[in-house]
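Colleague: Got a sequence here, can you model it:
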Amino acid sequence: MKKIITFIHGFCMALADSVPGVSGGTVAFLLGFYDRFVDSLDDLISGTKEKRIAALRYLIKLGIGWGIGFLSAVLVLANVFESHIYLISSLFMGFILFAIPVVILEEKQCLKEQISRIFFVLIGIAVVSVITYLTSSGDGANISLTHPNVGTFLYVFVCGAIAICAMVLPGISGSTLLLIFGIYVPIITAIKDFLHLNFSAFPTVFVFGLGVLTGIVAIIKIIRNALDKHRAATVYLIIGLMIGSLYAIVMGPTTLDDPQPHLTIHTFSILFFLIGGVVIIGMQAMKKLSEQKDA
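Modeller: Predicted structure coming up:
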C-alpha cells in the first residue's frame, strides 16, 4: 500500500510541476511527505551509503509516479494551454488560494511562535511581483526556441535551474516561473516534440535537463538547512511566494507567444476556480487517509 501511495504522491507532484500554479513542493507539503522528500534528495547527494540506498529506493518509486504524471500532462498541455488560458488560469488561482490556508494551518505552531518573521511574506510577494511586472511590461523575456543559439541555450539552462528550485520549494511553481520568463509553452512544446521522436528538439530538452539537475544539487542543501534552522522564516517566505504568484497568473496571458489580455473578472471562471479548490481539498483528504493507514 505504501508503494501505491508513494506512486500517487509522485503522480500528483508531476501534475502540479507541469502547469503554472501550485508547485510539486506544495503538493508534497499538503500531502505530508515534504520533509521526507527533501531529506531523501539530500541523502542521495551527500548521505552515507545506507542513506543513499534508502533514498534511492524511495525516490525511484516517487519518480515512477512523477514520470507517468508528467508525460501525461505534457502530451495534453501543449495543445490546450494557449487556447484555454483563462480557464486554466482560473484553475491555478483556485489551487493557490485554497492551498495558502492549508499551509498556514499545517505550520501554525512555528508561525505563531515566530510571528516576528512575518515580514518574509512581503519579501516573497515582492520577488514574484517584480519579476512578473518586468516580464508583462515588455522588459522581460520573449524567447523563441525555433532556432536556438548559444545565448538561448544559456538562458534555457538558467531557467531550468531556477525553475526546479521553485518546484522543490512549496510556493510558486517552477512552471509559473517558466511562464514569467517567457519559455513555458516553448519548453512544453519541445518536450512534446521530443516524445514524438522529433529529435530536433533534443538539444533544448537536454540543456534544460542539465539546468534542472544543477538546480537540484545547488538548492537542496540550502532548503534542508533553512527548514531545520529557520523554518518559520522559510514558511512565511513560501506563503509570500504563493500570494505573489496570484499576480503572476493574472498577468500570465500577456507573456504567451501570442499575447492575450490579462485575466479579468469577465474572463475569470468560477467553475474552474472551484475545481482547483476541490483538488486541494482532495489532497488533504488523501493525506489524512494515508495517516490513518500508517497509524
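Colleague: who's in contact with L41?
Modeller: For L41, the contacting residues are 55, 59, 168, 216, 220, by Cβ atoms under 8 Å, 6 or more residues apart in numbering. Where C-beta positions appear, they are placed from N, C-alpha and C, glycine not excepted.
Colleague: Which entry within those corresponds to the minimum pLDDT?
Modeller: Here the lowest pLDDT out of the contacts of L41 sits on V168, with 78.
Colleague: C-terminal to the longest helix anywhere in the chain, what's the next element?
Modeller: The single longest helix within the chain, with elements called by DSSP state H, is helix 49-80. Next helix or strand after helix 49-80 toward the C-terminus (DSSP states H and E): helix 85-106.
Colleague: average pLDDT for the next helix or strand along the chain from that following helix?
Modeller: Next helix or strand after helix 85-106 toward the C-terminus (DSSP H and E): helix 108-113. When pLDDT is averaged over helix 108-113, the result is 88.
Colleague: Report all helices and strands that helix 108-113 contacts.
Modeller: With contacts taken as 3 or more Cβ pairs under 8 Å, 6 or more residues apart in numbering; DSSP states H and E, helix 108-113 sits against helix 231-251.
Colleague: Buried ones in whatever helix or strand comes next after the helix it packs on, by neighbour count?
Modeller: Downstream of helix 231-251, the first helix or strand assigned by DSSP H and E is helix 270-294. Within helix 270-294, the residues that count as buried by 16 or more other Cβ atoms under 10 Å are 272-273, 276-277, 279-280, 283-284, 286-287, 290.
Colleague: For helix 270-294, give me every contacting residue.
Modeller: Taking Cβ under 8 Å, 6+ apart as the rule, helix 270-294 contacts 1, 5, 8, 12, 21-22, 27, 30-32, 87-88, 90-99, 102.
Colleague: how many neighbours does L210 have?
Modeller: Using other Cβ atoms under 10 Å, L210 has 15 neighbouring residues.
Colleague: Compute the inter-axis angle for the helix or strand hosting it and helix 231-251.
Modeller: According to DSSP H and E, L210 maps onto helix 202-229. Interaxial angle of helix 202-229 relative to helix 231-251 (axes from the mean of the first three to the mean of the last three Cα atoms, to 10 degrees): 140 degrees.
Colleague: Report all helices and strands that helix 202-229 contacts.
Modeller: Helices and strands touching helix 202-229, by 3+ Cβ pairs under 8 Å, 6+ apart, are helix 34-46, helix 150-168, helix 184-195, helix 231-251.
Colleague: Report the mean per-residue pLDDT for the shortest one.
Modeller: The reference is to helix 184-195. The pLDDT scores in helix 184-195 average 81.
Colleague: Tell me who's in contact with P259.
Modeller: P259 is in contact with P253, counting by Cβ under 8 Å, 6+ apart.
Colleague: For D39, see how far away it is.
Modeller: In this view, P259 and D39 are 42 Å apart by Cβ to Cβ, to the nearest Å.
Colleague: One more: Y236?
Modeller: From Y236 to D39 the distance is 22 Å (Cβ to Cβ).
Colleague: Looking at the two, which is more packed in?
Modeller: Neighbour comparison, Y236 and D39: the larger count goes to Y236, with 26 against 19 (by other Cβ under 10 Å).
Colleague: leaving aside the residues next to it on the chain, what's closest to that one?
Modeller: Closest residue in space to Y236, ignoring its immediate chain neighbours: F120 at 3.8 Å, by Cβ to Cβ, 6 or more residues apart in numbering.
Colleague: Surely the one you found touches G240?
Modeller: Yes - using Cβ atoms under 8 Å, F120 is in contact with G240, at 6.2 Å.
Colleague: Okay, now the unreliable bits of the stretch 151-295 of the chain?
Modeller: Within the stretch 151-295 of the chain, the stretches with pLDDT under 70 are 170-172, 255-257, 293-295.
Colleague: how does it look with 90?
Modeller: Applying pLDDT under 90 to the stretch 151-295 of the chain picks out residues 151-153, 155, 159-205, 212-213, 215-231, 234-235, 238-239, 241-262, 276-277, 279-295.
Colleague: Tally up the residues packed near L56, please.
Modeller: L56 has 15 nearby residues by other Cβ under 10 Å.
Colleague: now I88
Modeller: By the measure other Cβ under 10 Å, the count of residues near I88 is 23.
Colleague: what do you get for the one 3 residues further on?
Modeller: Here the neighbour count serves as a burial measure; for L91 (other Cβ under 10 Å) it reads 23.
Colleague: Could you check how far T267 is from K108?
Modeller: T267 is 35 Å from K108, by Cβ to Cβ.
Colleague: higher neighbour count, the two?
Modeller: Higher neighbour count among T267 and K108: T267, with 15 against 11, using other Cβ under 10 Å.
Colleague: Right, I'll call it a day here.
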